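# 3D model of this:
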Amino acid sequence: GVDAYHPEKYGNTITVERTIRRNGGSGYRLLSQKRTCVSTKKMDVDEIRDRFNLFVENPCCILDQENAKAFLKGNASQKYNLFL
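Residues are numbered from 1 along each chain as shown. The predicted model follows:
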């Protein structure tokens with residue numbers, strides 16, 4: 001659409017994957033609609049976040065009502081899976 005973010009690079013969807021390592025490090029991957037890696041830079045993730053005014057520091061803010069209920073009722077293992 002008109003508000004699409006670099007559709008020539010990403011296509012119709014952008015997927016952000018974050019990997020959190022045991023040693024404390026982490027990394028990002030921005031994937032296109034075809035699931036190909038377009039970028040691994042946090043700066044690019046921040047740019048997309050700012051462009052669409054997304055507040056994702058707290059993953060609970062992006063849950064719909066049904067998933068929020070399940071999260072609140074879940075055990076520690078289920079809550080951890082939210083971050084995966």
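# pull the number of nearby residues for residue 11.
16 (other Cβ atoms under 10 Å). No exception for glycine: its C-beta is placed from N, CA and C like everyone else's.
# need the contact list for it.
32-34 (Cβ atoms under 8 Å, 6 or more residues apart in numbering).
# most neighbours of all these, which one?
Ranked by neighbours (other Cβ under 10 Å), these are led by residue 32, which has 18 neighbours.
# right, and that one touches residue 12 too?
No: applying Cβ atoms under 8 Å as the test, residue 32 and residue 12 come out as separate, 9.3 Å apart.
# list of residues touching the helix or strand bottoming out on mean pLDDT in the chain?
Least confident helix or strand, the chain: helix 76-81 with a mean of 76, by mean pLDDT, DSSP states H and E. Contacts to helix 76-81, defined as Cβ under 8 Å, 6+ apart, come from residues 70-71.
# quick check: buried residues in it?
Residues of helix 76-81 include none that count as buried (16 or more other Cβ atoms under 10 Å).
# can you check stretch 25-43 too?
Along stretch 25-43, these residues count as buried under the neighbour rule (16+ other Cβ under 10 Å): 28, 30-32, 38-39.
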